[in-house]
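Student: with the input below, show me the fold.
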Amino acid sequence: MSIIEKAASRIDHKREAAPASPVEISVPIAAPVAHTPIIVAAAAAAASHAAPAPVVARAVPAAVPVPAPVEMPVIAPAPAAEPAAAPRKQSTRKVELDLNRMREMGMVTAAGGRTLLVEDFRIIKRPLIKRAFAEHTPGTPPGNLIMITSSLPGEGKTYCAINLAMSIAMELDHTVLLIDADVARPSVLRTLGLPAQRGLMDILLDDKLELADVMLRTNVDTLSILPAGTSTPRATELLASQTMSTFVYEIANRYPDRIVIFDSPPLLLTSEAHVLATHMGQIVLVVESETTTQHAVKESLRQLEGCTNVNLIYNKTREFPGIEETYDYHYG
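Tutor: Okay, the predicted model is just below:
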């Protein structure tokens, strides 16, 4: 045996004689974020002829980049549901009628007592109210739209319109809307001592305006007023427009107990009155006693041909001179 073989034989003999001992091996693994050590038992072969020795593997944190935290998508909170739009606030204004002043001017008021004028308008209003709520024939204007007009200025149409409105407002079952449609020379508010305000023409010119924006409530609970509004040279065209037809239909049908009275321009001076008459269910022609000529009355009636329910009021009459203005019934 050579010297080299002898040396190798001694080394192998020592290896066989040496007891097997655990071998500590450091195995780099990807440690969790908390870097908690994990003990893993593994078997390793020492040599082809050596008995297997238990191997203890001790995990140590590896020098590897820690994975970047996953970005979670940010979910924005759902927007709160918008509250339902609140109903449009009605902006109707209230005006105070000076009832004492009206009574002194000889007008109808609820507190004015029983006068000839009050009784006259009670007689005048009764057939108008009856026709206003009679069965409506399809294709004809509603009977609760009443136009008060005259042949010429100064015959008392505004005076009659206000008194008729006040008389109907005294009814228990009806409300009244008085509209100043004499847009060239509006006089309803002036007669009542009120300043000019927006009204009918403004509604027809501005589709954003509603009736409640310009209508005036009064201290007579059953009476409201719609002024003439802004003067415009296009008044005739506006009154003949589809907007006017829609407006008239709305005010005629919105409230079943409402009567609408239009103070119209004179028939023989403007074209607005003739156009307005086409929307009306009833027409009242005021004739001034001892002043209006037969020719003027006939010409006015000719312009109203085709309009149903035309009535006449004989105004400023002095049929009973000397009679007491007030009277009462006595029971004995």
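Student: L194 against K94, yeah?
Tutor: No. Contact criterion CB atoms under 8 Å: L194 and K94 do not qualify, at 11.5 Å. The way it works is simple: take the backbone N, C-alpha and C, and place the C-beta from them, glycine included.
Student: these two: which has the busier surroundings?
Tutor: Remark: of L194 and K94, L194 carries more neighbours, 17 against 9, as counted by other CB atoms under 10 Å.
Student: could you list every residue that touches A240?
Tutor: 275, 278 (CB atoms under 8 Å, 6 or more residues apart in numbering).
Student: repeat for A252
Tutor: 141-142, 144-145, 258, 260, 281 are the contacts of A252 under CB under 8 Å, 6+ apart.
Student: quick check: closest non-adjacent residue to it.
Tutor: In space, A252 comes closest to P142 once its chain neighbours are excluded; the distance is 4.1 Å by CB to CB, 6 or more residues apart in numbering.
Student: okay, and that neighbour sits in which element?
Tutor: Using DSSP states H and E, P142 maps to neither a helix nor a strand.
Student: try F247
Tutor: Here F247 is assigned to helix 242-253, by DSSP H and E.
Student: next SSE after that helix?
Tutor: With DSSP H and E, the next secondary element past helix 242-253 is strand 258-263.
Student: quick check, pLDDT for the closest residue in space to V95 that isn't next to it in sequence.
Tutor: Nearest non-adjacent residue to V95, counting by CB to CB, 6+ apart: L216, 4.9 Å away. For L216, the pLDDT comes out at 96.
Student: tell me who's in contact with L216.
Tutor: 92-95, 194, 197, 224-227.
Student: for stretch 301-318, buried residues please.
Tutor: 301, 303-304, 307, 309-310, 313, 315 (16 or more other CB atoms under 10 Å).
Student: and of the contacts of A252, the nearest to D182?
Tutor: Nearest to D182, judged by CB to CB, of those is V260 at 15.1 Å.
Student: gap between V95 and R217?
Tutor: 7 Å (CB to CB, to the nearest Å).
Student: kindly report the same for T278.
Tutor: T278 is 29 Å from R217, where distance means CB to CB.
Student: ok, now how distant is A134 from M102?
Tutor: In terms of CB to CB, A134 sits 31 Å off from M102.
Student: more neighbours, the two?
Tutor: Ranked by neighbour count (other CB under 10 Å), A134 and M102 place M102 first, with 20 against 12.
Student: list the contacts of the more buried one.
Tutor: So M102 contacts 108-109, 166, 192 (CB under 8 Å, 6+ apart).
Student: who wins on neighbours among those residues?
Tutor: Ranking those using other CB under 10 Å puts M166 first, with 26 neighbours.
Student: quick one: that one and A111 touch, right?
Tutor: No. M166 is not in contact with A111 according to CB under 8 Å; the separation is 11.1 Å.
Student: residue contacts, L226?
Tutor: L226 neighbours (CB under 8 Å, 6+ apart): 177-180, 199-200, 211, 214-216.
Student: quick one, phi psi at K130?
Tutor: Per-residue torsions, K130: phi -60, psi -40 (degrees, to the nearest 10).
Student: let me know how buried it is, in neighbour terms.
Tutor: A count of nearby residues for K130, using other CB under 10 Å, gives 10.
Student: need the per-residue pLDDT for it.
Tutor: 95.
Student: returning to what we had before: which two among the buried residues of stretch 301-318 are spaced furthest apart?
Tutor: Of all pairs in those, the most separated under CB to CB is C307 and N315 at 20.2 Å.
Student: what's the weakest-modelled helix or strand in the protein?
Tutor: Here the helix or strand of the chain ranked lowest by mean pLDDT, DSSP states H and E is strand 39-44, holding a mean of 35.
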